[in-house]
Every structure is written in C-alpha cells, then in structure tokens.
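1. predicted coordinates and the sequence they were generated for:
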Amino acid sequence: MTRFAIDAPVAVGLVRAGVVVPPEHSRVGPGVLRSDALALLREEVLRGERARREGFADLDGIAMLRIRLLSDRVTRRVAWQLADRAQWSDVRPAEYLAVAHIQADVLVTADEALRAGAAAVDIETADVADLRSALG
C-alpha cells in the first residue's frame, strides 16, 4: 500500500479527472486542505476561469474524495517545526509537509515552493503524473 499526501490543487485535479484510487492506496492531507481547495475554486470562478456551477461541482467532488484529513496536536506541532526548518513564516504550507512526514510515503504536489520546502526537510515528492502511473 502506498500512502499519498496530497495538496489542494492535486485534490481538485483528481476530482476533475475522475481518478479512482484503488483501496490498496490511501490519501492523506492536512485539515486545511478543504479550505485551501475552497479558496482555489473560488479564485478560479472570480477570475472567470470556471463557471460558478463548475466550482460548486468541484467542491462537492472534494467533499466526496476519500481522504484522511489530519489536524491533531502532533500534526500542528510537526508543521511548526518543519516551517522552522524550511524557514517559512507561514505555517499553512508546512501542514502539508507535516502530514507527508508523519503519515505518507510521498507528497504529491505541483507547487514549486512546496516542493522546495519538502526537499529542505527531506520529504519525497511526486507530481500528479507519478501518482496516476502508481495507481495504474
């Protein structure tokens, strides 16, 4: 079994692509993932990139996505520590790193800043294409 930590853009991409994750693989993310996805979708609608109904459909898809969300005390503490190591003032992206560090084999993201932060704290990363090929 492979445990994938995913960020909000990856979650949105999985929903839009209709990717089905086999039961032998699991997905995890920080508790802020749904809020980050909500913000991402709303920004797309406000920029005119997506229709409002498409944004709502994607939001519903995120709610249906089988993903374990973590926001416990240990995850928050590890996020703080990783933000220190990555020299980030904003701890929010470090929550993705913390979940990957604690609960996953790899962090799936296309965000270059998040990839750089992961590299700084020795967390393996992959992109969506890697995830799709791992899922077969």
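-> Yes, it's here. All of these numbers come straight from a predicted model, not from anything done at the bench.
2. would you mind measuring from the residue nearest the centre of the chain to Arg52?
-> The chain has Asp7 as the residue nearest its centroid, 1.3 Å off, counting by C-alpha atoms, centre = their mean. Separation of Asp7 from Arg52 (C-beta to C-beta, to the nearest Å) stands at 24 Å. No exception for glycine: its C-beta is placed from N, CA and C like everyone else's.
3. related to what we said a few turns ago, now do the residue nearest to the centre of the chain against Pro23, distance only.
-> 22 Å.
4. got the residue ranges for the helices in the chain?
-> 8-17, 33-46, 52-64, 73-86, 92-103, 112-120, 128-135 (DSSP state H).
5. so which elements touch the fourth one?
-> Packing contacts for helix 73-86, counted by 3 or more C-beta pairs under 8 Å, 6 or more residues apart in numbering; DSSP states H and E, involve helix 92-103, helix 112-120.
6. flag every buried residue along it.
-> Going by neighbour count (16 or more other C-beta atoms under 10 Å), the buried part of helix 73-86 is 75-76, 78-79, 81-83, 86.
7. tell me the one among those residues nearest to Glu95.
-> Glu95 lies nearest to Ala79 out of the buried residues of helix 73-86, by C-beta to C-beta, at 4.5 Å.
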